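Asker: Take this sequence and fold it.
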Amino acid sequence: MSLNNDRSPHILNASSNLLGLCFIILTSIKVFNISAATFLDEIASLAIIMFMASSILSFLSMRNNDNTASKLEKVADIFFLIGLFMLFVSAMFISFNIIR
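Answerer: Sure thing, here's the model as predicted:
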């Protein structure tokens, strides 16, 4: 494994765990029937897409040994950060919805 490819297993592990958390958030939105009042389900769905893309790209990065692996890892990292931000926004919406 090269030095540029050291983050891929960490990105894959974290993004797959957060993907599961996003599914729990989306399920709880549907169970508590708050999807009509907020954009929370759309944000959680976008976070799911970002974490899934990050998982796939980091896996593909681990399977490659050339310059492509480094590029895939960088894109996976960007998708992971976008998904993490969307998960943060979802958590804030849940917090503010519970307070009201």
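
Asker: all helices of the protein, in order?
Answerer: Under the criterion DSSP state H, the chain contains helices at 8-31, 40-63, 67-99.

Asker: now the first one and helix 40-63, what's the angle there?
Answerer: Comparing the axes of helix 8-31 and helix 40-63 via axes from the mean of the first three to the mean of the last three CA atoms, to 10 degrees yields an angle of 160 degrees.

Asker: tell me what helix 8-31 is packed against?
Answerer: Using 3 or more CB pairs under 8 Å, 6 or more residues apart in numbering; DSSP states H and E, the elements in contact with helix 8-31 are helix 40-63, helix 67-99. Placement of C-beta: from N, CA and C, glycine included.

Asker: returning to that earlier point: now the helices of the chain as JSON lines including mean neighbour count and mean pLDDT?
Answerer: Listed next are the helices of the chain as JSON lines, based on neighbours: other CB atoms under 10 Å; pLDDT from 0 to 100:
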{"stretch": "helix 8-31", "mean neighbour count": "16", "mean pLDDT": "87"}
{"stretch": "helix 40-63", "mean neighbour count": "20", "mean pLDDT": "91"}
{"stretch": "helix 67-99", "mean neighbour count": "16", "mean pLDDT": "86"}
